Structure formats: structure tokens, C-alpha cells
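Chemist: sequence? don't have it. structure:
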């Protein structure tokens, strides 16, 4: 590990307990910064309502930390939108934001559009499939952005159990993302959960970043934030344990392909052929190939979008 990263780990890795709620609220009042929490959701009726309820109870009604709580619905066919609204979130349909640009499937697409659908100075992303959710996830990653003006982006770090096995979650992180970061962006080697979906950042940073439309968004945002803001502007906070729905091996393969492609594009900008990934499933007549496109499209920095610029002027 680079000496710079060792120093960073000491200076920019914290626990949620390091910034109690009253301290964070005092900093929010002093700075006047506003906070938006965004949950990207696709068919998450089983979990989204509980997450929204916890955030609203702890950080809106009981303590005024969160100013805006939004669920970005990316085309759910279940009761995700209904459950989120009943729990107290404002539900925004992906296709209703920037309708002149047809939406494409993908988590990054929804996060990118959420910048136009929200107004907070600090934007906090939380995945909508978390179980046994604690508002410490939000408090932990928002806190440094309110108390330390030099911090621009904060990732949550946590244990990720797989079933009853501790520390066995995050398979794509360990098999794909961590080796990529250590080899090509060693200054990011200190992040415990580089692909985690819980992170917060200043709008002034996010609006200048391109957003990969698919699963590569977390790696893309982290790498681009390093290039734009520098390592000392990035931080991580330990929030405990993250429990969520786990994908099967083939879904993880597709995620890994998108993440690899996101890294590849950043290593060598050019005119690549649109790649695909072939996987195999056993059928009645033996193994059958299934080929999937790999997400390569990216949205430009939101600051370059006319509708966003017009809103800021107004």
C-alpha cells in the first residue's frame, strides 16, 4: 500500500460514533447546507418502505437532518412506489425526469437523473434493498460533509455477511473491483467498500462527473472523483453491518463485466466496440449460451445539461 494511502486511512477513515447527531445538526445549522437522500429502486416493495420509515422517523421528524427524501422509481412493476409514498418519501418516476432524453435501464441512469429531481447541497444515495436498516448509514456519511469543508465525497464501509458467513458478501468487489483499483488506481486501495451503494457527496462535485448508466456507476464516480477532487477530498465511515438481497452468480458476472468496462473506458478513452458477455445455463439439451450486452453508455456531467443549468439560474 502506498504511504499516501496509509496516511489517508488514518486521516479520512472514521466511525459513525465520531460525529454524534447533535454535533452534525449543529454543523448543518451553522453552514445552512441542505441534505437530499435518494433511494434508487426497482421492484423493492419488500424493503423500501422500512428504509424510508426509519430515515423519516429518525432524521426528518425527530431530528431535522434530512431536508428531502426521494425514491427514484426506475420502472417498478410491483408496489415499490406505493410503499415508498405511504412511508413518507416523495416518489419520482425515472421517465418523468428529463423526458427529452429517453431513459435507458440501469442504476447509474437513475442516480444521474436524481440530480435534476432533487435540490440538496449534499446528495446521499442509499440502496433500496437493505434489511435491518439503521439511520446511521445516512448520519455516518453525511456527517463529514457538514463538519469538514474539505471533504467532498464519503463512502460507507461495513461488514457484508453472506447468509451466516461473516465477511463473505461483496464478491464482485473482491474478485473484480479491488484488484482493478489496486493495479490501476492504487490511491483508492484504502476503500473498504468501493462498490457500496451508500455514499454521499457535495452536489458541486456530482454535477461535474459523468455517470455510467449501469452497474459501473460506483466505480466510475469514485475514480472520477479522485481525478477531479484528489484523495484528501474523499473519505469513508464505518456504519456497522450491511444486509441486503444477494444476486446469483450469473447476475454477479454481468455486474463484473460492466464494472470492468467502466474501468477500461477510464484507462483508455477511444472508440471501443460495444462488448457483450456470454454466460451458460444448463437446459434440456445441455448448456445453452445466453449473451447480454455490457453497459458502456455514460451520461455527461449534469452541469452540462441545459435544463439543469436553467434551474440553477432560476
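Modeler: Yes, it's here. Owing to the predicted nature of the structure, the values given are computational and were not obtained by experimental measurement.
Chemist: switch to C-alpha atoms for all contacts and neighbour counts from now on
Modeler: Will do.
Chemist: tell me where the model's unsure across this structure.
Modeler: Segments of the chain classed as low confidence (criterion: pLDDT under 70) are 162-170, 244-247, 269-275, 277-280, 282, 287, 296, 314.
Chemist: spatially central residue for it, please.
Modeler: Nearest residue to the geometric centre of the chain (Cα atoms, centre = their mean): residue 197, 3.5 Å.
Chemist: need the strands for the stretch 151-300 of the chain, in chain order.
Modeler: Under the criterion DSSP state E, counting those that start in this stretch, strands of the stretch 151-300 of the chain are mapped to 153-159, 199-202, 211-212, 234-241, 243-244, 276-283, 286-293, 298-299.
Chemist: out of those, which gets nearest to residue 41?
Modeler: Judged by Cα to Cα, the one of those that comes nearest to residue 41 is strand 243-244, at 13.3 Å.
Chemist: could you dump the strands of the stretch 151-300 of the chain into JSON lines with distance to residue 115 and mean neighbour count added?
Modeler: Below are the strands of the stretch 151-300 of the chain laid out as JSON lines (distance: least, Cα to Cα, whole Å; neighbours: other Cα atoms under 10 Å):
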{"stretch": "strand 153-159", "distance to residue 115": "15", "mean neighbour count": "26"}
{"stretch": "strand 199-202", "distance to residue 115": "11", "mean neighbour count": "25"}
{"stretch": "strand 211-212", "distance to residue 115": "11", "mean neighbour count": "28"}
{"stretch": "strand 234-241", "distance to residue 115": "20", "mean neighbour count": "22"}
{"stretch": "strand 243-244", "distance to residue 115": "25", "mean neighbour count": "18"}
{"stretch": "strand 276-283", "distance to residue 115": "29", "mean neighbour count": "12"}
{"stretch": "strand 286-293", "distance to residue 115": "26", "mean neighbour count": "12"}
{"stretch": "strand 298-299", "distance to residue 115": "12", "mean neighbour count": "16"}
